[in-house]
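A.B. asks: For reference, the sequence and a predicted model appear below.
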Amino acid sequence: MSITVYFTSASGSREVKQQQDAIFRFLDSKHIKYFAKDITQTPDLKDEMRQKVGNPKALAPQVFNGNKYCGDYQAFFDAVEDGKPETFFKL
């Protein structure tokens with residue numbers, strides 16, 4: 001399985017940028033390989049992300065391990081606070 005992070009490079013929100021960066025920093029610090037998919041590159045990627053999440057209004061960042069949905073930033077944050085980030089990433 002591989003981690004996929006759907007993110008946006010064109011967000012005007014500082015909060016979204018910080019959330020995405022926190023996920024990427026964590027994965028990099030643990031040397032976990034991942035794919036980053038920029039949903040601003042093609043409309044198909046945003047649609048794909050929302051379909052996989054099951055929410056037509058879902059916003060980036062969204063994280064998957066293979067075909068398993070891990071969650072959004074809030075779920076990641078909660079897992080880190082609980083000391084269980086590996087559980088979030090389904091590792």
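C.D. replies: Looks like it came in fine.

A.B. asks: Quick one: end-to-end length of stretch 4-22, please.
C.D. replies: 15 Å (C-alpha to C-alpha, to the nearest Å).

A.B. asks: List the contacts of it.
C.D. replies: 23-24, 27, 34-40, 45, 49, 59-65, 73, 76-77 (C-beta atoms under 8 Å, 6 or more residues apart in numbering). All C-beta atoms are positioned from the backbone trio N, CA, C, and that covers glycine.

A.B. asks: just the buried members of those?
C.D. replies: By neighbour count, with 16 or more other C-beta atoms under 10 Å, the contacts of stretch 4-22 hold 23, 27, 34, 37, 39, 45, 49, 59-65, 73, 76-77 as buried.

A.B. asks: Leu45 reaches Phe35, doesn't it?
C.D. replies: No: using C-beta atoms under 8 Å, Leu45 is not in contact with Phe35, being 11.5 Å away.

A.B. asks: mind listing what's buried in the longest helix along the chain?
C.D. replies: Within the chain, and with DSSP state H defining each element, the longest helix by residue count is helix 14-29. Buried residues in helix 14-29, defined by neighbour count with 16+ other C-beta under 10 Å: Val16, Gln19, Gln20, Ile23, Phe26, Leu27.

A.B. asks: Let me see the contact set for the fourth one.
C.D. replies: Spelled out, it's Ile23. So Ile23 contacts Val5, Pro61, Val63, Tyr73, Phe76 (C-beta under 8 Å, 6+ apart).

A.B. asks: Take those and keep only those in helices.
C.D. replies: Of the contacts of Ile23, the ones assigned to helices by DSSP H are Tyr73, Phe76.

A.B. asks: which stretches of this protein have low pLDDT?
C.D. replies: Along the chain, segments meeting pLDDT under 70 span 1.

A.B. asks: please redo it, this time with the cut-off set to 90
C.D. replies: When residues are selected by pLDDT under 90, those of the chain lie in 1, 10-13, 42-43, 91.

A.B. asks: distance of the residue lying closest to Lys33 once chain neighbours are set aside from Ile32?
C.D. replies: Once flanking residues are discounted, Lys33 sits nearest to Ser2: 6.7 Å by C-beta to C-beta, 6 or more residues apart in numbering. Using C-beta to C-beta, to the nearest Å, Ser2 is found at 9 Å from Ile32.
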